[in-house]
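Asker: Build me a structure from this.
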Amino acid sequence: MRLDILLNKLCFTKTRSIAKNACDKGLVSVNGKIAKAAQIVQKDDIIVLRLYGYAHEIKLSSIPTGNVAKKDAGSYYEMLSREPLS
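Answerer: Below is the predicted model:
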């Protein structure tokens, strides 16, 4: 699944275009490398987001198929850390 679509489905961004812009600005990295919006992500990838005043580090436990309810979004990843940006 594309990175920007995944970030939108898992409720890290409100829209896919916000996720795409964050990737274009270098605010998202996958496995330690700056990621483009079209990058394909897979299970066990580690994603770091620098959005909304925090640096979120998550590990994907599975990839969703189809739409994801907001209450179920947390079951697809594990939050490794969440720190305020300075």
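
Asker: what's the first-to-last distance across stretch 54-73?
Answerer: Its first and final residues considered, stretch 54-73 spans 19 Å by CA to CA, to the nearest Å.

Asker: Show residues contacting that stretch.
Answerer: Here stretch 54-73 makes contact (CB atoms under 8 Å, 6 or more residues apart in numbering) with 1, 6, 9-12, 41-49, 75-85. Placement of C-beta: from N, CA and C, glycine included.

Asker: What subset of those residues is buried?
Answerer: With burial judged by 16 or more other CB atoms under 10 Å, the buried subset of the contacts of stretch 54-73 is 6, 9-10, 12, 41, 45-49, 76-77.

Asker: Now that we have these, can you turn them into a markdown table and tack on distance to G66, pLDDT and secondary structure?
Answerer: Rendered in a markdown table, the data for the buried ones among the contacts of stretch 54-73 read as follows (distance: CB to CB, whole Å; pLDDT from 0 to 100; DSSP: H, G, I helix; E, B strand; the rest coil):
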| residue | distance to G66 | pLDDT | secondary structure |
| --- | --- | --- | --- |
| L6 | 12 | 95 | helix |
| K9 | 9 | 94 | helix |
| L10 | 13 | 94 | coil |
| F12 | 18 | 93 | coil |
| V41 | 16 | 96 | coil |
| D45 | 20 | 96 | coil |
| I46 | 24 | 97 | strand |
| I47 | 20 | 96 | strand |
| V48 | 26 | 96 | strand |
| L49 | 22 | 95 | strand |
| Y76 | 12 | 96 | helix |
| Y77 | 17 | 96 | strand |
